[in-house]
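Novice: for reference, the sequence and a predicted model appear below.
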Amino acid sequence: MAQAAGDAWPEVVHQASRTHRRPPDEDSIGTLLLRDLKTIMAREPARERYSMADLAPAQRALDVPEFHGTLNSRDLGRILRGYGIRAQTIRFGDSTAKGYYRTQFEDAFARYAEESREIG
């Protein structure tokens, strides 16, 4: 389609697609967090829903100076939003809490967290 538009558009589209697909740093906070979350979720493969509290082990595993120590739920949400993953209100039995469905992570795991990390 860009070629049909002519002029510089094919090159603009090509450059945009290359930039968009650039992987984050392998040791970025987001990538490490995704690897930790993948490890946590692998422990219970049939589980479909996770509250923010369920993901606390991943938060504790990341001791990040720029967050003055351990990540909190707000930091977790902000980092995950960068990967297109947004917390939702989810029903857990008789109550609701902010959390995530496993399926929300599939694309990010495939792109950025091919391997998991050993966490406590």
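Specialist: Perfect, thanks for sending it. The shown structure was predicted, so the numbers you read here are calculated from the model rather than taken from an experiment.
Novice: for residue 41, helix, strand, or coil?
Specialist: Classification of residue 41 by DSSP: H, G, I helix; E, B strand; the rest coil places it in helix.
Novice: next, the contact list for it, please.
Specialist: Residues in contact with residue 41 (CB atoms under 8 Å, 6 or more residues apart in numbering) are 47, 50, 102, 105. C-beta coordinates here come from the backbone N, C-alpha and C atoms, glycine included.
Novice: 6 Å - rerun?
Specialist: With contact set as CB atoms under 6 Å, 6 or more residues apart in numbering, residue 41 has these partners: residue 102.
Novice: so how far is residue 93 from it?
Specialist: Counting by CB to CB, to the nearest Å, the separation of residue 41 from residue 93 is 20 Å.
Novice: now residue 8
Specialist: 57 Å.
Novice: and residue 30, by the same measure?
Specialist: For residue 30, the distance to residue 93 (CB to CB) stands at 31 Å.
Novice: the more surrounded of the two?
Specialist: Set residue 30 next to residue 93 and count neighbours by other CB atoms under 10 Å: residue 30 wins out with 18 against 5.
Novice: just the element for that one, please.
Specialist: Under the criterion of DSSP states H and E, residue 30 resides in helix 29-42.
Novice: that helix: which residues count as buried?
Specialist: 29-41 (16 or more other CB atoms under 10 Å).
Novice: partner strands of the strand ranked longest in the chain, parallel or antiparallel?
Specialist: Of all segments of type strand in the chain, defined using DSSP state E, the longest is strand 95-101. Looking at strand 95-101 with DSSP bridges, its partner strands are strand 49-51 (antiparallel), strand 88-92 (antiparallel).
Novice: let me have those strands in CSV, extended by mean pLDDT, mean neighbour count and distance to residue 98.
Specialist: Listed next are these as CSV, based on pLDDT from 0 to 100; neighbours: other CB atoms under 10 Å; distance: least, CB to CB, whole Å:
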stretch, mean pLDDT, mean neighbour count, distance to residue 98
strand 49-51, 95, 18, 7
strand 88-92, 96, 12, 6
